[in-house]
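**Q** The following block contains a protein sequence and its predicted model.
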Amino acid sequence: MELNDANLQTLTEFLRKTLDPDPTVRRPAEKFLESVEGNQNYPLLLLTLLEKSQDNVIRVCAAVTFKNYIKRNWRIVEDEPNKISDPDRTAIKANIVNLMLSSPEQIQKQLSDAISIIGREDFPQKWPDLLTEMVTRFRSGDFHIINGVLRTAHSLFKRYRHEFKSNELWSEIKLVLDTFALPLTELFKATIELCQTHATDVNALKVLFSSLTLIAKLFYSLNFQDLPEFFEDHMETWMTNFHGLLTLDNKLLQTDLVSNAIQFLASVCERPHYKHLFEDQNTLTSICEKVIVPNMEFRSADEEAFEDNSEEYIRRDLEGSDIDTRRRAACDLVRGLCKFFEGPVTAIFSGYVNSMLAEYAKTPRENWKHKDAAIYLVTSLASKAQTQKHGITQANELVNLTEFFVNHILPDLKSPNVNEFPVLKADAIKYVMIFRSQLPKEQLLQAVPLLITHLQAESTVEHTYAAHALERLFTMRGPNNTTLITAAEMAPFTEQLLNNLFKALAFPGSAENEYIMKAIMRSFSLLQESIVPYIPTLIGQLTHKLLQVSKNPSKPHFNHYLFESLCLSVRITCKANPATVSSFEEALFPVFTEILQNDVQEFLPYVFQVMSLLLEIHSNSIPASYMALFPHLLQPVLWERTGNIPPLVRLLQAYLEKGGETIARSAADKIPGLLGVFQKLIASKANDHQGFYLLNSIIEHMPPESLIQYRKQIFILLFQRLQGSKTTKFIKSFLVFVNLYCVKYGAIALQEIFDSIQPKMFGMVLEKIVIPEVQKVSGPVEKKICAVGITKILTECPAMMDTEYTKLWTPLLQALIGFFELPEDDSIPDDEHFIDIEDTPGYQTAFSQLAFAGKKEHDPIGDAVGNPKILLAQSLHKLSTACPGRVPSMLSTSLNAEALQFLQGYLQAATVQLV
């Protein structure tokens with residue numbers, strides 16, 4: 001694509017169409033952009049548009065499109081084509097910093113993200129001048145530019161907070177410090193001075209303090225791994241000014257800086273060598289009174305977010321988003337102080353809690369914020385250790401959580417008006433949720449029906465918290481690894497629970513509420529067959545919801561839980577009555593067809609998984625509706641997207657398992673397409689195992705005569721890959737396939753096909769691959785296939801007894817006995833680097849495995865062989881009776897003593913002897 005006006009105009013038109021709410025206009029435009037993004041100059045055209053377009057909407061759209069393009073394509077992945085040409089990469093890095101700093105804030109943020117994505121891959125080795133280019137802008141004096149640099153630096157350096165220590169990391173941080181530490185310190189001092197100069201100008205202060213907030217975050221990241229010498233030498237500058245900011249009381253400012261400063265205090269007070277700074281009772285009291293209590297208050301900004309921006313409020317409060325709040329920082333400080341001073345701190349705060357609750361009791365309507373602060377304080381004091389899975393796992397023993405629940409939490413939950421004091425109701429629900437592991441079961445059971453009632457609250461935060469609390473309670477484990485709350489205990493509330501959850505999705509702002517959908521999924525999973533009577537109604541509501549969200553998928557978690565809920569509906573109902581599978585297909589297929597026709601990329605991996613689940617429930621036949629779809633599943637475009645590969649392979653396996661005969665009979669012309677998919681997958685190190693899954697199903701389920709003409713070519717492709725790129729993963733899969741082939745077609749057929757490709761090839765494979773590598777095979781089914789296959793080669797292949805292959809007979813038996821008795825060899829060569837599916841970037845939806853669409857492990861040998869050791873003994877006995885004297889003499893001359901002893905054990909267990 002040339003950099004010219006005609007292309008800029010075309011791109012502008014298509015970008016505008018991608019914003020159209022009508023999917024028939026939007027989707028073709030998205031497809032067009034997808035089709036041209038591999039062309040040279042495409043990213044430069046986007047950058048030109050975001051810089052020069054007269055239309056602001058197009059500029060922002062180009063910026064977002066550019067950032068997403070970088071996110072999908074910048075990383076270079078082995079085996080995958082490089083989607084961005086080298087000249088484009090160089091041009092982007094040469095221009096992007098300048099562009100970012102001269103753009104308006106909306107565009108600046110997108111480009112800043114793009115720089116940090118590129119930086120993650122290329123900095124410092126492939127982009128050594130990035131920091132120098134950024135640091136020189138500190139001298140500009142323009143805080144729009146300075147904040148752009150700081151924001152970008154923060155997104156680049158914040159990973160230092162959670163990276164593992166390594167020499168590579170140290171050298172990168174050292175390089176950053178050498179370039180960045182001094183200019184950052186100078187900027188910090190200059191910004192502090194400017195704050196004093198502009199102390200009465202609120203607009204100037206807001207900009208300056210947003211810079212100070214970012215500077216504090218950078219300071220935190222650069223000091224996280226260790227205290228660098230530079231900052232040690234300049235500690236006075238930093239600490240004096242931090243102290244000044246901590247004690248600053250400028251009424252014009254309600255900023256995030258306070259939370260950063262408190263956060264800093266929190267991290268200091270947890271470190272043993274600073275303990276002495278806090279030991280004085282007066283210091284503790286002063287911190288509690290002047291820093292913690294005032295910052296625990298529910299501020300008007302919190303109230304505004306609670307009512308008008310509930311999604312953001314929930315994200316901050318439940319998920320602990322990156323946006324630090326004063327309350328969270330104060331809470332962290334309480335926990336930090338409790339590490340060494342639990343007794344005194346608890347005593348100081350108990351007084352505050354009691355007086356706050358007394359204030360509330362006098363006039364609840366005016367003083368409800370006092371109770372909110374009291375609950376927050378109790379929560380902070382009581383929480384010593386917390387996990388996402390279990391809530392608070394370790395509590396302060398000086399706080400009586402049960403008593404507080406009965407006296408102050410339960411009354412709010414029992415209040416008949418769910419819409420009164422929504423903040424306190426949300427606090428009460430959150431209390432149950434986070435202390436669920438500390439409260440006795442009878443109190444949790446008392447809370448369940450109350451939480452179900454709160455699903456009807458109009459406040460988004462309140463009904464979301466109720467759904468989230470129920471979902472968390474339903475995942476708690478009781479004795480014997482069962483759920484703490486049982487389906488029987490839920491029986492009186494089942495109908496109301498399901499009704500209220502689905503009704504809650506109708507509230508404004510909650511149509512795609514992921515917490516509600518997750519609670520629906522968890523309720524189905526807990527209640528199991530109790531939901532069957534409600535499914536006919538609920539499946540209609542779920543499919544209607546699926547149809548709505550498929551028009552414009554925007555909430556990935558919501559969509560995931562929606563598909564999980566569909567899988568549970570199918571599983572639970574069809575477990576009781578497999579014939580109902582057809583009614584699910586009637587309900588789901590129209591929506592699935594629409595999703596497939598409109599190529600809703602985000603949903604395709606899910607649709608394939610649900611279809612696999614449905615097809616696997618059928619008895620051994622394949623309905624016509626599935627056969628009509630079969631050719632479409634082989635289209636190359638579907639296989640280009642990494643996220644489609646695992647679910648599509650599973651779906652094709654289901655087709656082969658249920659209808660191998662049907663495919664051979666009525667779709668034989670599609671077999672080359674099926675093998676084409678195998679060929680594509682086998683060429684990729686990331687997906688070769690998926691190619692083998694497909695190949696193994698083809699061998700196992702297709703009638704042998706339908707594959708005769710293709711068999712040799714399959715083996716040739718595998719040998720080509722072995723010669724070109726031999727990885728441990730490939731060899732393990734190759735061994736399983738070879739042995740499955742032997743089990744299915746017999747050892748003679750295996751030897752003949754190898755030797756037809758090249759004389760003596762069979763011996764080479766045994767000597768160079770099977771004997772030395774079989775110990776690496778893992779997994780019970782895989783090991784069983786290999787054991788049975790090798791047994792057949794040893795005992796059912798005449799060439800092993802009467803040709804130059806005979807010298808391999810004993811080493812192969814020795815390898816098989818070792819395979820039975822020695823530990824698995826899980827070593828991997830140092831130079832091997834596997835790319836996991838999850839690591840391959842791309843606009844392709846990453847594959848999201850549906851937990852409730854799980855597939856049972858399939859054993860192609862089944863009950864025909866119980867114990868492979870017994871099979872070996874019986875097969876050797878049979879061979880020895882066919883050629884008396886041969887087997888014992890081969891064993892006695894070259895099998896080592898230990899292996900021979902194990903073999904005697906197998907023969908005794910099978911009650912047979914060798915002759």
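**A** Received it, and whenever you're ready, just let me know what you need.

**Q** now could you export just the CA positions of whatever helix or strand residue 791 lives in as PDB?
**A** For residue 791, the host element (DSSP states H and E) is helix 780-796. The C-alpha coordinates for helix 780-796 follow below in PDB (Å, rounded to 0.1, in the frame of the first residue of the first chain):
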ATOM      1  CA  PRO A 780      -1.600 -43.200  31.100                       C
ATOM      2  CA  VAL A 781      -3.500 -43.600  27.700                       C
ATOM      3  CA  GLU A 782      -0.400 -42.700  25.700                       C
ATOM      4  CA  LYS A 783       1.800 -45.100  27.600                       C
ATOM      5  CA  LYS A 784      -0.700 -47.900  27.200                       C
ATOM      6  CA  ILE A 785      -0.800 -47.300  23.400                       C
ATOM      7  CA  CYS A 786       3.000 -47.400  23.200                       C
ATOM      8  CA  ALA A 787       3.300 -50.500  25.300                       C
ATOM      9  CA  VAL A 788       0.700 -52.400  23.300                       C
ATOM     10  CA  GLY A 789       2.200 -51.200  20.000                       C
ATOM     11  CA  ILE A 790       5.800 -52.200  20.900                       C
ATOM     12  CA  THR A 791       4.500 -55.600  22.200                       C
ATOM     13  CA  LYS A 792       3.000 -56.200  18.700                       C
ATOM     14  CA  ILE A 793       6.200 -55.200  17.000                       C
ATOM     15  CA  LEU A 794       8.100 -57.700  19.200                       C
ATOM     16  CA  THR A 795       5.700 -60.600  18.900                       C
ATOM     17  CA  GLU A 796       3.700 -60.200  15.600                       C
END
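
**Q** Show me the contact partners of that helix.
**A** Helix 780-796 has contacts (Cβ atoms under 8 Å, 6 or more residues apart in numbering) with 732, 735-736, 738-743, 746-748, 750-751, 766, 770, 774, 777, 800, 809, 812-813, 815-816, 819-820, 857-861, 865, 868-869, 871-872, 875-876, 878-879. Where C-beta positions appear, they are placed from N, C-alpha and C, glycine not excepted.

**Q** which residues in the stretch 301-450 of the chain form strands?
**A** Applying DSSP state E, counting those that start in this stretch to the stretch 301-450 of the chain gives strands spanning 383-387, 391-395.

**Q** model confidence over the last one, on average?
**A** On average, the pLDDT along strand 391-395 is 65.

**Q** Check the offset of whichever strand or helix holds residue 212 from the chain's centre.
**A** Residue 212 is part of helix 202-222 when elements are defined by DSSP H and E. Relative to the mean C-alpha coordinate of its chain, helix 202-222 is positioned 32 Å out (Cα atoms, centre = their mean, to the nearest Å).

**Q** That one packs against which elements?
**A** Applying 3 or more Cβ pairs under 8 Å, 6 or more residues apart in numbering; DSSP states H and E, we find helix 202-222 packed against helix 143-157, helix 167-197, helix 235-247, helix 257-269.

**Q** Those helices: which one's closest to residue 606?
**A** Of all the helices and strands packed on helix 202-222, helix 143-157 sits nearest to residue 606, with 31.0 Å by Cβ to Cβ.

**Q** Can you list phi and psi of residue 760 for me?
**A** phi 70, psi 10 (degrees, to the nearest 10).

**Q** For it, which residues are in contact?
**A** By Cβ under 8 Å, 6+ apart, residue 760 lies in contact with residue 804.
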